[in-house]
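S.K.: Got a sequence here, can you model it:
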Amino acid sequence: MTRPLLLFLILAFAYAAALSLRGVGFLPATAAYLFLSGVLLGRFERRRIAIVAVFAVGAAIMLDLVFRTIFKLDLT
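M.R.: Next up, the predicted model:
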């Protein structure tokens with residue numbers, strides 16, 4: 001198993017554990033997971049990391065809104 005794949009799997013399990021143990025809320029956990037996944041899966045460039053950060057926060061907010069408004073689930 002390659003190192004990035006192993007790190008990605010560890011990150012996915014850590015995300016699932018954080019959500020299931022309610023140690024961290026959905027919004028910050030999702031933003032962190034998306035950001036770290038994006039950084040892990042691509043090249044380490046300053047501009048790209050900034051774009052990944054903006055995407056991670058925006059996507060986490062959008063997912064939170066979708067779960068709260070469409071599915072009527074409060075994932076805090």
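S.K.: So which helix or strand of this structure has the lowest pLDDT on average?
M.R.: helix 3-20 (a mean of 91; mean pLDDT, DSSP states H and E).
S.K.: who are the neighbours of it, in terms of helices and strands?
M.R.: Helix 3-20 sits against helix 26-41, with contacts defined as 3 or more Cβ pairs under 8 Å, 6 or more residues apart in numbering; DSSP states H and E. For glycine as for every other residue, the C-beta is placed from the backbone atoms N, C-alpha and C.
S.K.: how about the helix it packs on: buried residues?
M.R.: By neighbour count with 16 or more other Cβ atoms under 10 Å, helix 26-41 contains the buried residues F26, A29, T30, A31, A32, Y33, L34, F35, L36, S37, G38.
S.K.: Tell me, what's the model's pLDDT at P28?
M.R.: pLDDT for P28: 95.
S.K.: Would you mind getting the angle between the longest helix seen in the chain and helix 26-41?
M.R.: Criterion DSSP state H: the longest helix present in the chain is helix 46-69. Helix 46-69 and helix 26-41 meet at an angle of 150 degrees, taking axes from the mean of the first three to the mean of the last three Cα atoms, to 10 degrees as the criterion.
S.K.: Extract the CA atoms of the least confident helix or strand of the chain and return them as CSV.
M.R.: Taking Å, rounded to 0.1, in the frame of the first residue of the first chain, the C-alpha atoms of helix 3-20 are listed here in CSV:
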residue,chain,number,x,y,z
ARG,A,3,2.0,6.0,1.7
PRO,A,4,-0.6,8.6,0.4
LEU,A,5,-3.2,5.9,0.3
LEU,A,6,-2.4,4.8,3.8
LEU,A,7,-2.5,8.4,5.1
PHE,A,8,-5.8,9.0,3.3
LEU,A,9,-7.3,5.9,5.0
ILE,A,10,-6.1,7.0,8.4
LEU,A,11,-7.6,10.4,7.7
ALA,A,12,-10.9,8.9,6.7
PHE,A,13,-11.1,6.8,9.8
ALA,A,14,-10.1,9.8,12.0
TYR,A,15,-12.9,11.8,10.4
ALA,A,16,-15.5,9.0,11.0
ALA,A,17,-14.3,8.6,14.6
ALA,A,18,-14.5,12.4,15.3
LEU,A,19,-18.1,12.4,14.0
SER,A,20,-19.2,9.3,15.8
